[in-house]
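Peer 1: build me a structure from this.
(one chain, ligands or ions: 1)
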Amino acid sequence: MNKIGLVTGANKGIGFEIARQLGKAGFTVFVGARNAALGEEAAANLLAEKLEARSIELDLGRQETITSAASAIKSFAGHLDVLVNNAAIADPADGPPSTVDITAVERIMQTNFFGTLRVTQAMLPLLREAPAGRVVNLSSGLGSLTLNGDPKWDFAGFKLLGYNTSKAALNMLTIQLAYELRDTPIKVNAVNPGYTATDMNQKQGTQSVEEGAAEPVRLALLPADGPTGGFFETGGLLPW
Ligand code: NDP
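Peer 2: Residues are numbered from 1 along each chain as shown. Model (predicted):
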């Protein structure tokens, strides 16, 4: 049987490309999408490339879709080899601490942090059933406390309290889950895909989705002697 992967928010952007590359690596890949029709369209595009893709409705804000996605994967394979927590939002009402719309911060945290935590908890029993489970959390350089604290950093002006906090919290989830699972074969890592042209930044990013997906896919396919509890980008480690 093929290895089984699940990518959240895989109907477009970096998530779609990660799903594509996992398919090319021989996985049966579940294309998570909150909009079932968009998920089916994305999976059909992968199938047209002769990749083993299946769409699965998964909305980080709706626990029932997360629970039923876990049940569907359990019925299909009994385990999950790779979980890529890719889905996330930015919000136009996000901004710096003194003026940000607090409801925007709450919305972002609900999806990017609480939603990712919900998916991770639901999928963990299936990851434990795999011989060598991998969890990849799509973080961001904007989630690095160290980089946020450097006024000379190239992205120092991006002080988006909601988004940056959500990714810093995701980094904490990465560290703590890797610690909890340290005596298992499961590896948990965070990754900055790099500034990538997608809808999230109105295609302003400077990388292609292929470049953005490269490091997440490397972490999804880590060998047994690979790292866990790290924060990576193409070219090396990032500071927390
Ligand atoms: P996109 O906006 O292109 O795609 C985001 C995906 O997440 C979409 O499929 C979207 O679905 C989905 N999504 C949003 N909310 C939910 C939800 N509640 N439930 C399920 N799915 C949801 O973003 P990118 O591809 O650029 O981003 C992918 C990841 O990479 C994100 O975690 C992002 O924070 C991170 N990242 C991106 C960078 C970049 O430069 N692009 C830089 C650093 C990090 P829908 O189509 O329905 O909206």
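Peer 1: the helices in the protein, which residues?
Peer 2: The residue ranges that make up the helices of the chain, judged by DSSP state H, are 13-24, 36-48, 63-77, 102-108, 116-128, 145-148, 161-180, 209-220.
Peer 1: name the nearest residue to Asn86, sequence neighbours excluded.
Peer 2: In space, and not counting its chain neighbours, Asn86 is closest to Gly15: 3.8 Å by C-beta to C-beta, 6 or more residues apart in numbering. Where you see a C-beta, it was placed from the backbone N, CA and C, and this is true even at glycine.
Peer 1: quick one: the one you found from His79, how far?
Peer 2: Gly15 is 21 Å from His79, where distance means C-beta to C-beta, to the nearest Å.
Peer 1: could you do Asn2 as well?
Peer 2: On the measure of C-beta to C-beta, Asn2 and His79 end up 12 Å apart.
Peer 1: which one's more surrounded, these two?
Peer 2: Neighbours were tallied for Asn2 and for His79 using other C-beta atoms under 10 Å; the higher tally belongs to His79 (18 against 14).
Peer 1: for that one, phi and psi?
Peer 2: As for His79, its main-chain torsions (degrees, to the nearest 10) stand at phi -160, psi 170.
Peer 1: find the nearest non-adjacent residue to it, please.
Peer 2: Counting by C-beta to C-beta, 6+ apart, His79 lies nearest to Glu129, which is 3.6 Å off, once chain neighbours are set aside.
Peer 1: wait, the one you found sits on Asp81?
Peer 2: No: the pair Glu129 and Asp81 fails to qualify as a contact (C-beta atoms under 8 Å) at a distance of 9.6 Å.
Peer 1: what residues does this structure have near the ligand?
Peer 2: Where proximity means C-beta under 6 Å from any ligand atom, the interface of the chain facing the ligand comprises 8-9, 11-15, 34-35, 38, 58-61, 86-89, 111, 115, 138, 140, 192-193, 195-196, 198-201, 205.
Peer 1: identify the residues contacting Gly194.
Peer 2: Applying C-beta atoms under 8 Å, 6 or more residues apart in numbering, we find Gly194 in contact with 205, 207, 211-212, 215, 233-234.
Peer 1: top of those by neighbour count?
Peer 2: Highest neighbour count within the contacts of Gly194, by other C-beta under 10 Å: Gly212, with 25 neighbours.
Peer 1: pLDDT score for that one?
Peer 2: Among the per-residue scores, Gly212 holds a pLDDT of 98.
Peer 1: my guess is it contacts Pro193, does it?
Peer 2: Yes: counting by C-beta under 8 Å, a contact exists between Gly212 and Pro193, whose distance comes to 4.0 Å.
Peer 1: got any residues that touch both of those two?
Peer 2: With C-beta under 8 Å, 6+ apart applied, the overlap between the contact sets of Gly212 and Pro193 consists of Ile14.
Peer 1: just to revisit the earlier point, for the residue nearest to Asn86, give me the pLDDT.
Peer 2: The score at Gly15 is 98. That number is its pLDDT.
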